[in-house]
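Next input, structure requested:
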Amino acid sequence: MSKIVAVFGANCALGAAVAKSLAKDSNFMVKAVDPDGSGQYSSEIRASGAQVVQCNLEDVGSISQALSGCDCAFVTTVSNFNNPDFMDDEIRQGMNIADACAKSKVSHVVFNTGLHTIKIIGIGARHLVAKAEVEAYMKGKGVPLTSLLVPTLYDDLLDILRPLPAGQNNRWLAIPMGITPLDMISVDDVGDIVRVILNNRTGHLHKTHSVCGDKQTIKEMAQILSRHLSPLYFQDRQVTIHEYQQLNAQFPWSQDYANMFDFYLRVDQRFNVDATQRLGSSLRIKCFEEWVQANSGKLKKAFS
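Numbering: from 1, shown residues only. Just a heads-up that it's a prediction; the model follows:
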């Protein structure tokens, strides 16, 4: 018999990928929770066979209703950088989800967490801190948890890490990692990892997995992009943390992302490609080059 799973955060790329991966698995019936019921991913989620459920994250009763009949859940809270107070809102809504999960006695919750950059080195990457605070609250509530630490998504190159134009066919990658490799993964692979974890509760309960698909320097990423997206030619712009922040100063996330990369440079990250692959024999985790090859048409169109 199929288990009913609620997917919170279906209004962001990660939640949508999880909902679509679970919908492909006959072990699950998926309720994808979207605060307004018609977010940008709702049509593709419905097309995958999942149900999209509207839910008010400010109301524990509304969340409990969305969880009605559910055996398990995936939760990612969503960072809305356009709202100056988003961190407080994200933490509060995450706590509401935790309260509803505890109340409805779901047997397993997979949570997309973050490391508490303020407690660790005293700098704020609000989108990570919010998730760390929610995770601590979930543990305090006794929610049966598996925590997932997700690195930079390959897919962010189409969004927040989009290469900058530098003349006709030239593009800069302006990511402030210097010569330190960046841990990355495909959003669709995270969806498949969550599916594997929810299919094996006993193997993963009370564990934290730092998942990863590849580690590449920015220079290596530029070489891979150039190889597959010709005639476009990519180079590492070699920006410092401060230059990165200045370059993106018009965006509300610029300081948070600058601090996140600063954190990646200053604190050893535990992301491990081999350990990620070993989470399940059915997993086929794509390296960065495979992802670029598979999405070359889409990437070329976006960067041209």
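
Give me the residues contacting stretch 51-59.
Outside stretch 51-59, the residues within contact range by C-beta atoms under 8 Å, 6 or more residues apart in numbering are 6, 8, 10, 29-38, 42, 45-46, 62-63, 65-66, 92-93, 96-97. To be clear about C-beta, it is placed using only N, CA and C from the backbone, and glycine gets the same treatment.

can you do 7 Å?
Identification of contacts with stretch 51-59 by C-beta atoms under 7 Å, 6 or more residues apart in numbering yields 10, 30-37, 42, 45-46, 62-63, 66, 93, 96-97.

and if you look at stretch 121-137?
77, 79, 87, 90-91, 94-95, 98, 111-118, 147, 256, 259-260, 262-263, 266-267.

How about it, which residues are buried there?
123-135, 137 (16 or more other C-beta atoms under 10 Å).

Could I get the CA-only coordinates of that stretch as PDB?
Extracted in PDB, the C-alpha atoms of stretch 121-137 (Å, rounded to 0.1, in the frame of the first residue of the first chain):
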ATOM      1  CA  ILE A 121      31.900  31.900  12.900                       C
ATOM      2  CA  GLY A 122      29.800  34.900  13.800                       C
ATOM      3  CA  ILE A 123      28.600  35.800  10.300                       C
ATOM      4  CA  GLY A 124      25.000  35.700   9.100                       C
ATOM      5  CA  ALA A 125      23.800  33.800   6.100                       C
ATOM      6  CA  ARG A 126      20.200  34.200   7.000                       C
ATOM      7  CA  HIS A 127      18.800  31.500   4.700                       C
ATOM      8  CA  LEU A 128      21.100  28.900   6.400                       C
ATOM      9  CA  VAL A 129      20.600  30.200   9.900                       C
ATOM     10  CA  ALA A 130      16.800  30.000   9.600                       C
ATOM     11  CA  LYS A 131      17.000  26.400   8.700                       C
ATOM     12  CA  ALA A 132      19.500  25.600  11.500                       C
ATOM     13  CA  GLU A 133      17.100  27.200  14.000                       C
ATOM     14  CA  VAL A 134      14.100  25.200  12.700                       C
ATOM     15  CA  GLU A 135      16.100  22.000  12.800                       C
ATOM     16  CA  ALA A 136      17.000  22.600  16.500                       C
ATOM     17  CA  TYR A 137      13.400  23.300  17.300                       C
END
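
and that stretch, what's its mean pLDDT?
Stretch 121-137 carries an average pLDDT of 98.

Residue 301 versus the most far-flung residue of the chain relative to its centre, what's the distance?
Going by C-alpha atoms, centre = their mean, the residue of the chain most distant from its centre is residue 168, 32.5 Å out. Plainly put, residue 168 is 17 Å away from residue 301 if you go by C-beta to C-beta, to the nearest Å.

Of the contacts of stretch 51-59, select the buried ones using a PyMOL command.
Of those, the buried ones go into a single PyMOL selection, burial set by 16+ other C-beta under 10 Å:
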select buried, resi 10+30+31+32+33+34+35+42+45+62+63+66+93+96+97
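
Filter the contacts of stretch 51-59 down to the ones in helices?
In this view, the contacts of stretch 51-59 that belong to helices under DSSP state H are 42, 45, 46, 62, 63, 66, 93, 96, 97.

and the residue nearest to the fifth one when sequence neighbours are not counted, what does it touch?
Right, residue 63. Leaving aside its sequence neighbours, residue 63 sits nearest to residue 100 (C-beta to C-beta, 6 or more residues apart in numbering; 3.8 Å). Counting by C-beta under 7 Å, 6+ apart, residue 100 touches 60, 63, 64, 67.

Now residue 100: which helix or strand?
helix 86-104 (DSSP states H and E).

Sheet partners, orientation included, of the following helix or strand past that helix?
Using DSSP H and E, the helix or strand that follows helix 86-104 in sequence is strand 108-113. Neighbouring strands of strand 108-113 in its sheet, by DSSP bridges, are strand 72-75 (parallel), strand 145-149 (parallel).
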